[in-house]
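[1] Show me the folded form of this:
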Amino acid sequence: MKVTAINYGQFLLNSHRNFTGTYFADTVEKLEHDSVYRYLKRDKLTPRIVREKSQQTIKYSDNGHLIFDDTVANKNASRKIQGARSQYSGAAHGIVTGIGIVNCLYYNPELNKFWIIDFRIFDPDQDGKTKLQHVEDMLKSAIRRQTPFTVVLMDTWYATKKLMVQINDLDKIFYCPLKANRLVDDSGGLAAYHQVKDLAWSADNVVFGKRVKIHKFPKHFKVQLFRVPVNTNRTEYIVTNAEITHNSTDDAQEASRRRWKIEQLHREEKQLTGLEKCQARINRSQRNHICLAALAWIVLKEAAEKTGKTIYQQKLEPLQEFVAAQWRNPATTFVL
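    Next comes the predicted model:
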């Protein structure tokens with residue numbers, strides 16, 4: 001049997017815990033272990049194949065959202081892997097050795113559905129690009145492909161002057177959180193800059209936000225700042241370039257909730273497609289595995305939509321059926 005993108009992707013769908021090439025070979029007749037790694041090293045899959053796959057089912061909206069964020073495929077438990085580097089992981093709440101992946105999600109607010117439409121591997125040793133530059137590239141790519149969207153959502157990491165000005169110049173709306181120690185001026189130039197967390201909030205400000213200038217931004221560039229309680233112990237400060245008359249803290253809070261759709265993608269990819277589990281050491285092998293994991297997520301998501309199930313039900317029900325069959329006719333019987 002020859003390993004292809006199709007049967008490797010099928011393996012990612014079939015397997016539940018072990019996503020290694022060795023296990024793949026052990027579960028398929030007449031498949032040599034080395035042939036799996038030879039395939040991963042030989043093929044050259046790119047984000048274009050993910051975009052093309054998403055195009056088959058995506059439903060666009062004139063009010064579509066692009067959501068950008070990154071995740072880290074944790075490689076702490078593996079041997080030396082090309083492309084893995086020390087970086088902060090939100091999932092681990094600390095520094096890990098892993099492969100950074102910057103994703104672009106398309107969200108349709110009318111349908112409350114989302115699709116992955118682009119991604120980049122964070123590997124500055126290979127291409128010299130930062131995560132921010134990858135986001136800029138994917139944003140330009142979406143414009144070039146005439147993807148219909150009006151809103152861009154991103155995390156604190158991407159709340160930079162360059163990117164926010166770029167989005168504004170495209171006549172698009174952004175919502176993104178600022179760090180609590182970010183310097184802003186809410187006095188119209190009459191007072192010094194203050195950290196966001198130290199600003200005073202009137203009753204009107206709490207409902208409608210306040211107009212501020214972010215330190216070192218162009219003089220004319222003002223944004224609306226909102227204080228959004230996330231829980232009893234955490235508050236987010238969200239800024240937008242949207243028209244002030246069209247905004248309230250509720251709008252900012254809703255935008256913040258939508259931004260977490262991309263965290264849902266990251267969690268599902270890691271738990272259901274083995275995104276982090278490839279042990280191949282070669283950079284190209286890791287890139288191919290990550291691309292095929294994204295494709296496997298798309299296939300799972302499509303199948304779940306058609307059957308009216310969650311993506312977890314779609315993945316795990318065959319395993320539940322196997323366990324039920326073992327109760328009826330166990331391969332090994334427990335005795336005392």
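[2] Could you use CA atoms for every contact and neighbour count after this?
    Noted.
[3] Show me the strands in the protein, by range?
    65-74, 85-89, 94-108, 113-122, 151-154, 173-178, 183-185, 194-195, 210-214, 223-231, 234-240 (DSSP state E).
[4] okay, these in JSON lines with mean pLDDT and mean neighbour count next?
    As requested, these are exported to JSON lines (pLDDT from 0 to 100; neighbours: other CA atoms under 10 Å):
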{"stretch": "strand 65-74", "mean pLDDT": "96", "mean neighbour count": "24"}
{"stretch": "strand 85-89", "mean pLDDT": "88", "mean neighbour count": "17"}
{"stretch": "strand 94-108", "mean pLDDT": "95", "mean neighbour count": "21"}
{"stretch": "strand 113-122", "mean pLDDT": "98", "mean neighbour count": "23"}
{"stretch": "strand 151-154", "mean pLDDT": "97", "mean neighbour count": "23"}
{"stretch": "strand 173-178", "mean pLDDT": "96", "mean neighbour count": "24"}
{"stretch": "strand 183-185", "mean pLDDT": "97", "mean neighbour count": "20"}
{"stretch": "strand 194-195", "mean pLDDT": "96", "mean neighbour count": "16"}
{"stretch": "strand 210-214", "mean pLDDT": "96", "mean neighbour count": "22"}
{"stretch": "strand 223-231", "mean pLDDT": "91", "mean neighbour count": "20"}
{"stretch": "strand 234-240", "mean pLDDT": "93", "mean neighbour count": "20"}
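[5] Output those in JSON lines; the columns should cover distance to Thr307.
    Listed next are the strands of the chain as JSON lines, based on distance: least, CA to CA, whole Å:
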{"stretch": "strand 65-74", "distance to Thr307": "26"}
{"stretch": "strand 85-89", "distance to Thr307": "34"}
{"stretch": "strand 94-108", "distance to Thr307": "20"}
{"stretch": "strand 113-122", "distance to Thr307": "15"}
{"stretch": "strand 151-154", "distance to Thr307": "30"}
{"stretch": "strand 173-178", "distance to Thr307": "34"}
{"stretch": "strand 183-185", "distance to Thr307": "49"}
{"stretch": "strand 194-195", "distance to Thr307": "50"}
{"stretch": "strand 210-214", "distance to Thr307": "46"}
{"stretch": "strand 223-231", "distance to Thr307": "34"}
{"stretch": "strand 234-240", "distance to Thr307": "37"}
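[6] Please name whichever of those is nearest to Gln253.
    strand 223-231 (6.2 Å; CA to CA).
[7] That closest one pairs with which strands, parallel or anti?
    strand 210-214 (antiparallel), strand 234-240 (antiparallel) (DSSP bridges).
[8] can you tell me how far the residue lying closest to Ile99 once chain neighbours are set aside sits from Asn76?
    Leaving aside its chain neighbours, Ile99 sits nearest to Ala84 (4.6 Å; criterion: CA to CA, 6 or more residues apart in numbering). Using CA to CA, to the nearest Å, one gets 9 Å for the distance from Ala84 to Asn76.
[9] need the contact list for the residue nearest to Phe208 when sequence neighbours are not counted.
    Nearest non-adjacent residue to Phe208, counting by CA to CA, 6+ apart: Ser248, 4.4 Å away. Going by CA atoms under 8 Å, 6 or more residues apart in numbering, Ser248 touches Val207, Phe208, Gly209, Phe226.
[10] Just the ones of the residues you listed in helices?
    Judged by DSSP state H, those include Val207, Phe208 as members of helices.
[11] Distance to Gly64 for the contacts of Ser248 - can I get that in CSV?
    Output for the contacts of Ser248, formatted as CSV (distance: CA to CA, whole Å):
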residue, distance to Gly64
Val207, 25
Phe208, 24
Gly209, 24
Phe226, 22
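[12] who wins for most neighbours among the contacts of Ser248?
    Phe226 (28 neighbours; other CA atoms under 10 Å).
[13] Low-confidence stretches in the chain?
    For the chain, applying pLDDT under 70 flags the ranges 79, 244-246.
[14] Backbone torsions only: list them for the residue nearest to Ile99.
    Dihedral pair for Ala84: phi -80, psi 140, per degrees, to the nearest 10.
[15] and it, how far is that from Gln279?
    Distance from Ala84 to Gln279, by CA to CA: 11 Å.
[16] Pull the contacting residues for the residue nearest to Arg259 when sequence neighbours are not counted.
    Nearest non-adjacent residue to Arg259, counting by CA to CA, 6+ apart: Leu153, 5.9 Å away. Taking CA under 8 Å, 6+ apart, we find Leu153 in contact with His65, Leu66, Ile67, Phe68, Phe174, Tyr175, Cys176, Ala255, Ser256, Arg259.
[17] need those residues in a markdown table with distance to Lys30, can you?
    Formatted as a markdown table, the contacts of Leu153 follow (distance: CA to CA, whole Å):
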| residue | distance to Lys30 |
| --- | --- |
| His65 | 46 |
| Leu66 | 44 |
| Ile67 | 43 |
| Phe68 | 42 |
| Phe174 | 53 |
| Tyr175 | 53 |
| Cys176 | 52 |
| Ala255 | 51 |
| Ser256 | 50 |
| Arg259 | 45 |
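[18] Closest to Leu292 out of the residues you listed?
    Using CA to CA, the contacts of Leu153 come closest to Leu292 at Phe68, 19.9 Å.
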